[in-house]
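Novice: prediction below, plus the sequence it came from.
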Amino acid sequence: QVQMVESGGGAVQAGGSLRLSCAASGVVDILYYMGWFRQAPGKEREGVAVISPRGASSLFGDSVKGRFTISRDTDKNTLYLQMNSLKPEDTAIYYCAAGRTLTLSPSSYPYWGQGTQVTVSS
């Protein structure tokens, strides 16, 4: 049984910071690529940041480059997303996911968490 549980979402003013966490268990282990995705109302789900199993490689969506950082703790099997300089357009439900390739395409990830809401006010 796969469990991926996000936490750390909330409401923040523009320019603020949040740190999301995703605890994974079950089939998803340290050999999986893991990533963060988001979906705003009326929009398609998009890739935010993804990281390789050992953390050596990562990809970021153009809109978050230079503001967001992705990391993982293999001992805890936990994924993190540090979000700085938040903008109102970052408002969305953020999901963590696990898969077997390093890509920002959501369709490549079979395992998903339930999501956590991030709201950025201007």
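Specialist: That came in fine, so what should we check first?

Novice: so who does the residue sitting nearest the centre point of the chain touch?
Specialist: Taking Cα atoms, centre = their mean, the centroid of the chain lies closest to residue 36, which sits 2.0 Å from it. For residue 36, the contact set (Cβ atoms under 8 Å, 6 or more residues apart in numbering) comprises 20, 22, 47-50, 70, 79, 81, 94-97. All C-beta atoms are positioned from the backbone trio N, CA, C, and that covers glycine.

Novice: then residue 40?
Specialist: Counted by Cβ under 8 Å, 6+ apart, residue 40 has contacts 89, 91, 92, 93.

Novice: for the helix or strand residue 21 falls within, packing partners?
Specialist: Following DSSP states H and E, one finds residue 21 within strand 18-25. Counting contacts by 3 or more Cβ pairs under 8 Å, 6 or more residues apart in numbering; DSSP states H and E, strand 18-25 is packed against strand 3-7, strand 33-39, strand 78-83, strand 92-99, strand 116-121.

Novice: given it, what are its sheet partners and their directions?
Specialist: On the basis of DSSP bridges, the sheet neighbours of strand 18-25 come out as strand 3-7 (antiparallel), strand 78-83 (antiparallel).

Novice: by how many degrees do the shortest one and strand 116-121 diverge?
Specialist: When you say that, I think you mean strand 3-7. Between strand 3-7 and strand 116-121, the angle formed by their directions is 20 degrees, by axes from the mean of the first three to the mean of the last three Cα atoms, to 10 degrees.

Novice: quick check: of the contacts of residue 40, which lies closest to residue 119?
Specialist: Of all the contacts of residue 40, residue 119 sits closest to residue 91, with 5.2 Å by Cβ to Cβ.

Novice: hmm, residue 119 and the closest one touching each other?
Specialist: Yes - Residue 91 is in contact with residue 119 according to Cβ atoms under 8 Å; the separation is 5.2 Å.

Novice: hmm, back to that, and the contacts of residue 36, which are buried?
Specialist: With burial judged by 16 or more other Cβ atoms under 10 Å, the buried subset of those is 20, 22, 47-50, 70, 79, 81, 94-97.
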